[in-house]
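Chemist: A predicted structure for the sequence below; I have some questions about it.
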Amino acid sequence: MIKAVIFDVDGTLVDSNLQHVEAWREAFSHYGKELTSDEVHAQMGKGGDQLMPVFLSRHELERFGADLERLRVELFTHDYLPGVEPFPKVRELFERIRDGGMRIALASSAKETELERHQKNLQIEDLVDVAICADDADRSKPCPDIFETALARLDDVAADEAIVIGDTPYDAQAASQAGLGTIGLLSGGFTEEVLRENGVIAVYRDIADLLEHYDESPLAALTASTA
């Protein structure tokens, strides 16, 4: 029986992937690394601990990795976060899920302050049971730590009793390692082909599309089949 739905946030609930791309590009450029938008976007869904090693050597990571990450956070918080918009119909989907008797968790590589701001802007604070941020796990996606932490805080919910909703292949990879299935969304800029190659069980355009087709979705089917 599906008892809980675990949501990624950036690119899934809020339209922020391109802003994150630009903040990372600026931060890397400050340290002499000129990257294209496509190069950085291909890594969206990862936290800094998993993203930076793609572009930096071990020596560079030791020398300025922590400073680069701090700069990226500052750039995003001050220059980009104020312009991030929620995707439509998030609260309505959350209400539908709660009406079905399921609990809701957020599992994000974002910093705590970012996650709190997104919840407030989405007006979902009263509907979220558990919210996991980057500080709550040792490793970010595609490692399973963030989803495993969310499961641990959802009392009496096993991996086969929860499902993930995310927008990147790294959500699906992390979920799979944690024993979770994933519904994929195209709202983060990854193609359906890429998402399916990484094991998602269904793909929707965005949150609004999933809500529109809720009755035919895995959310309804997996709940009804065990009711």
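Modeler: Received, thanks.
Chemist: using PDB, list the CA coordinates for the helix or strand bottoming out on mean pLDDT in the chain.
Modeler: Within the chain, confidence by mean pLDDT, DSSP states H and E is lowest for helix 218-224 among all helices and strands, at a mean of 79. In PDB, the C-alpha atoms belonging to helix 218-224 read as follows (Å, rounded to 0.1, in the frame of the first residue of the first chain):
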ATOM      1  CA  PRO A 218       0.400   5.400 -10.500                       C
ATOM      2  CA  LEU A 219      -0.600   7.500  -7.400                       C
ATOM      3  CA  ALA A 220      -4.200   6.300  -7.800                       C
ATOM      4  CA  ALA A 221      -3.500   2.900  -9.200                       C
ATOM      5  CA  LEU A 222      -1.000   1.800  -6.500                       C
ATOM      6  CA  THR A 223      -3.300   3.100  -3.800                       C
ATOM      7  CA  ALA A 224      -6.500   1.600  -5.200                       C
END
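Chemist: what helices or strands is that helix leaning on?
Modeler: strand 162-166, strand 181-185 (3 or more CB pairs under 8 Å, 6 or more residues apart in numbering; DSSP states H and E). No exception for glycine: its C-beta is placed from N, CA and C like everyone else's.
Chemist: and stretch 169-186, what's buried?
Modeler: By neighbour count with 16 or more other CB atoms under 10 Å, stretch 169-186 contains the buried residues 169-176, 178, 180-186.
Chemist: how about those residues, which pair is most distant?
Modeler: Using CB to CB, the pair of those lying farthest apart is A178 and L186, separated by 22.7 Å.
Chemist: residue ranges with poor pLDDT in this structure?
Modeler: Residue ranges of the chain with pLDDT under 70: 224-227.
Chemist: ranges for the helices of it?
Modeler: Using DSSP state H, the helices of the chain run over 17-30, 37-41, 48-55, 58-60, 66-75, 90-99, 112-122, 145-153, 169-177, 192-197, 207-212, 218-224.
Chemist: which of the ones you listed sits closest to M1?
Modeler: Once the helices of the chain are compared by CB to CB, helix 218-224 is nearest, at 7.2 Å.
Chemist: how about the closest one: buried residues?
Modeler: Applying a neighbour-count criterion of 16+ other CB under 10 Å, one finds 218-219, 222-223 buried in helix 218-224.
Chemist: contacts only, for the closest residue to F94 other than its chain neighbours.
Modeler: Among residues not flanking F94 along the chain, L127 sits closest, at 4.4 Å (CB to CB, 6 or more residues apart in numbering). By CB atoms under 8 Å, 6 or more residues apart in numbering, the contact set of L127 is 91, 94-95, 98, 104.
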